[in-house]
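Engineer: build me a model from this:
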Amino acid sequence: MDARECAFRPADGGLIADMAITESREIVIEATPEEILAVLYDLETLPDWSSAHERVEILERDEQGRPKRSRQVVKIVGISDEQILDYKVHDDGVSWTLVTASQQKAQDGRYTLTPDGDRTRVRLELTVETTVPLPGFLVRKGAQGLMDTATKGLRKRVLAVRSR
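Structural biologist: Below you'll find the model as predicted:
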(Lines give C-alpha, C1' and ligand atoms only; values in the text may rest on other atoms or scores of the structure.)
Protein backbone atom coordinates (compact mmCIF):
# COMPACT_ATOMS: atom_id res chain seq x y z
CA MET A 1 0.00 0.00 0.00
CA ASP A 2 1.33 3.40 -0.87
CA ALA A 3 1.39 5.48 2.32
CA ARG A 4 1.17 8.69 0.31
CA GLU A 5 -2.25 7.64 -0.95
CA CYS A 6 -3.76 6.06 2.15
CA ALA A 7 -3.97 7.87 5.47
CA PHE A 8 -4.85 6.04 8.67
CA ARG A 9 -6.27 7.69 11.77
CA PRO A 10 -6.72 6.21 15.25
CA ALA A 11 -10.16 4.88 16.17
CA ASP A 12 -11.66 2.48 18.69
CA GLY A 13 -10.28 -0.96 17.95
CA GLY A 14 -7.57 0.10 15.49
CA LEU A 15 -6.88 2.39 12.59
CA ILE A 16 -9.37 3.73 10.05
CA ALA A 17 -8.39 4.30 6.40
CA ASP A 18 -9.55 7.71 5.20
CA MET A 19 -8.24 8.12 1.68
CA ALA A 20 -7.83 6.24 -1.56
CA ILE A 21 -5.50 3.27 -1.50
CA THR A 22 -3.13 2.64 -4.36
CA GLU A 23 -1.57 -0.75 -5.02
CA SER A 24 0.63 -2.01 -7.81
CA ARG A 25 2.01 -5.42 -8.56
CA GLU A 26 3.91 -7.17 -11.34
CA ILE A 27 3.82 -10.77 -12.45
CA VAL A 28 5.31 -12.69 -15.37
CA ILE A 29 2.93 -14.93 -17.31
CA GLU A 30 4.12 -17.57 -19.77
CA ALA A 31 1.80 -16.39 -22.53
CA THR A 32 1.54 -13.73 -25.21
CA PRO A 33 -0.08 -10.35 -24.54
CA GLU A 34 -2.91 -11.41 -26.89
CA GLU A 35 -3.62 -14.55 -24.84
CA ILE A 36 -3.68 -12.51 -21.63
CA LEU A 37 -5.92 -9.83 -23.13
CA ALA A 38 -8.34 -12.53 -24.32
CA VAL A 39 -8.80 -13.59 -20.68
CA LEU A 40 -9.07 -9.99 -19.46
CA TYR A 41 -11.73 -9.21 -22.08
CA ASP A 42 -13.72 -12.33 -21.16
CA LEU A 43 -15.35 -10.56 -18.20
CA GLU A 44 -18.27 -12.97 -18.00
CA THR A 45 -15.90 -15.69 -16.74
CA LEU A 46 -14.50 -13.55 -13.89
CA PRO A 47 -16.67 -15.35 -11.29
CA ASP A 48 -15.02 -18.62 -12.40
CA TRP A 49 -11.54 -17.50 -11.33
CA SER A 50 -12.02 -14.48 -9.07
CA SER A 51 -13.65 -15.20 -5.71
CA ALA A 52 -14.44 -11.49 -5.33
CA HIS A 53 -16.70 -11.45 -8.40
CA GLU A 54 -20.18 -12.81 -7.81
CA ARG A 55 -21.78 -11.64 -11.07
CA VAL A 56 -20.65 -9.82 -14.22
CA GLU A 57 -22.78 -8.48 -17.05
CA ILE A 58 -21.47 -6.74 -20.17
CA LEU A 59 -23.57 -3.63 -20.77
CA GLU A 60 -21.77 -2.36 -23.86
CA ARG A 61 -19.09 -3.59 -26.27
CA ASP A 62 -16.85 -1.78 -28.73
CA GLU A 63 -16.82 -2.50 -32.47
CA GLN A 64 -14.30 -5.36 -31.93
CA GLY A 65 -16.56 -6.99 -29.32
CA ARG A 66 -14.39 -6.02 -26.35
CA PRO A 67 -16.09 -4.84 -23.15
CA LYS A 68 -16.71 -1.11 -23.01
CA ARG A 69 -18.98 -1.05 -19.94
CA SER A 70 -19.88 -3.72 -17.38
CA ARG A 71 -21.97 -4.17 -14.27
CA GLN A 72 -20.32 -6.28 -11.58
CA VAL A 73 -21.36 -7.50 -8.17
CA VAL A 74 -18.27 -7.95 -6.02
CA LYS A 75 -17.75 -8.99 -2.43
CA ILE A 76 -14.47 -8.22 -0.68
CA VAL A 77 -13.84 -8.81 3.04
CA GLY A 78 -17.57 -9.32 3.55
CA ILE A 79 -18.61 -6.06 1.89
CA SER A 80 -20.80 -6.39 -1.23
CA ASP A 81 -20.90 -3.74 -3.91
CA GLU A 82 -22.56 -3.38 -7.28
CA GLN A 83 -20.40 -1.35 -9.60
CA ILE A 84 -20.47 -0.13 -13.17
CA LEU A 85 -17.08 0.15 -14.86
CA ASP A 86 -16.00 1.72 -18.14
CA TYR A 87 -13.07 0.15 -20.03
CA LYS A 88 -10.49 1.65 -22.34
CA VAL A 89 -8.22 -0.37 -24.61
CA HIS A 90 -4.58 0.75 -24.90
CA ASP A 91 -1.81 -0.44 -27.21
CA ASP A 92 -0.18 -2.13 -24.21
CA GLY A 93 -3.16 -3.23 -22.14
CA VAL A 94 -6.51 -2.20 -20.75
CA SER A 95 -7.77 0.20 -18.09
CA TRP A 96 -11.04 0.80 -16.29
CA THR A 97 -12.74 3.56 -14.34
CA LEU A 98 -15.61 3.38 -11.90
CA VAL A 99 -18.83 5.00 -13.15
CA THR A 100 -21.09 4.20 -10.17
CA ALA A 101 -21.03 2.05 -7.05
CA SER A 102 -22.60 2.04 -3.62
CA GLN A 103 -19.46 1.33 -1.55
CA GLN A 104 -16.82 3.18 -3.60
CA LYS A 105 -16.23 6.81 -4.49
CA ALA A 106 -13.62 5.99 -7.10
CA GLN A 107 -11.76 3.13 -8.72
CA ASP A 108 -9.14 3.28 -11.45
CA GLY A 109 -7.23 0.26 -12.64
CA ARG A 110 -4.82 -0.56 -15.42
CA TYR A 111 -3.12 -3.67 -16.72
CA THR A 112 0.05 -2.91 -18.70
CA LEU A 113 1.46 -5.82 -20.71
CA THR A 114 5.08 -5.89 -21.86
CA PRO A 115 6.30 -8.76 -24.07
CA ASP A 116 9.43 -10.46 -22.69
CA GLY A 117 10.50 -13.22 -25.07
CA ASP A 118 7.91 -16.01 -24.87
CA ARG A 119 6.50 -14.49 -21.68
CA THR A 120 4.72 -11.27 -20.77
CA ARG A 121 5.31 -8.92 -17.86
CA VAL A 122 1.95 -7.83 -16.48
CA ARG A 123 1.76 -4.77 -14.26
CA LEU A 124 -1.46 -3.98 -12.41
CA GLU A 125 -2.05 -0.58 -10.88
CA LEU A 126 -5.22 -0.05 -8.86
CA THR A 127 -6.59 2.88 -6.88
CA VAL A 128 -9.78 2.49 -4.84
CA GLU A 129 -11.53 5.00 -2.62
CA THR A 130 -14.39 3.76 -0.44
CA THR A 131 -17.45 5.83 0.45
CA VAL A 132 -17.06 5.17 4.17
CA PRO A 133 -13.91 4.95 6.28
CA LEU A 134 -12.91 1.35 6.97
CA PRO A 135 -10.65 -0.22 9.58
CA GLY A 136 -7.07 -0.33 8.33
CA PHE A 137 -6.78 -4.12 8.72
CA LEU A 138 -9.82 -4.59 6.45
CA VAL A 139 -8.38 -2.27 3.82
CA ARG A 140 -5.05 -4.12 3.87
CA LYS A 141 -6.71 -7.55 3.79
CA GLY A 142 -9.04 -6.57 0.96
CA ALA A 143 -6.28 -4.97 -1.10
CA GLN A 144 -3.99 -7.97 -0.62
CA GLY A 145 -6.67 -10.46 -1.66
CA LEU A 146 -7.72 -8.39 -4.64
CA MET A 147 -4.15 -7.99 -5.89
CA ASP A 148 -3.46 -11.72 -5.46
CA THR A 149 -6.53 -12.63 -7.51
CA ALA A 150 -5.85 -9.98 -10.13
CA THR A 151 -2.28 -11.19 -10.71
CA LYS A 152 -1.76 -14.77 -9.51
CA GLY A 153 -5.37 -15.69 -10.31
CA LEU A 154 -5.04 -14.12 -13.76
CA ARG A 155 -1.83 -16.09 -14.39
CA LYS A 156 -3.49 -19.35 -13.33
CA ARG A 157 -6.52 -18.65 -15.57
CA VAL A 158 -4.40 -17.69 -18.60
CA LEU A 159 -2.30 -20.85 -18.28
CA ALA A 160 -5.44 -23.01 -17.90
CA VAL A 161 -7.05 -21.47 -20.99
CA ARG A 162 -3.78 -21.76 -22.90
CA SER A 163 -3.45 -25.49 -22.15
CA ARG A 164 -6.88 -26.35 -23.58
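
Engineer: show me what contacts Thr114?
Structural biologist: Listed by C-beta atoms under 8 Å, 6 or more residues apart in numbering, the contact partners of Thr114 are Pro33, Asp92, Thr120, Arg121, Val122, Arg123. Just so you know, the C-beta spots here come from the backbone N, C-alpha and C atoms, and that holds for glycine as well.

Engineer: the same query, at a cut-off of 7 Å, please.
Structural biologist: Residues near Thr114 by C-beta atoms under 7 Å, 6 or more residues apart in numbering: Asp92, Thr120, Arg121.

Engineer: out of those, which one sits closest to Gly153?
Structural biologist: Gly153 lies nearest to Thr120 out of the contacts of Thr114, by C-beta to C-beta, at 15.8 Å.

Engineer: can you count the residues close to the closest one?
Structural biologist: Using other C-beta atoms under 10 Å, the number of residues around Thr120 comes to 22.

Engineer: counting by contacts, list what the one helix or strand it maps to packs against.
Structural biologist: Applying DSSP states H and E as the criterion places Thr120 in strand 119-130. Judged by 3 or more C-beta pairs under 7 Å, 6 or more residues apart in numbering; DSSP states H and E, the packing partners of strand 119-130 are strand 21-29, helix 33-41, strand 104-116.

Engineer: which residues touch that strand?
Structural biologist: By C-beta under 7 Å, 6+ apart, strand 119-130 touches 5, 19-33, 36, 103-114, 147, 150-151.

Engineer: PyMOL command to pick out the buried ones of those?
Structural biologist: This is how PyMOL selects the buried members of the contacts of strand 119-130, with burial counted by 16 or more other C-beta atoms under 10 Å:
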select buried, resi 20+21+22+23+25+29+31+32+33+36+103+104+107+108+109+110+111+112+113+147+150+151
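
Engineer: will you turn the helices and strands packed on strand 119-130 into TSV that also has mean pLDDT and distance to Ile76?
Structural biologist: As requested, the helices and strands packed on strand 119-130 are exported to TSV (pLDDT from 0 to 100; distance: least, C-beta to C-beta, whole Å):
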stretch	mean pLDDT	distance to Ile76
strand 21-29	95	12
helix 33-41	98	19
strand 104-116	96	10
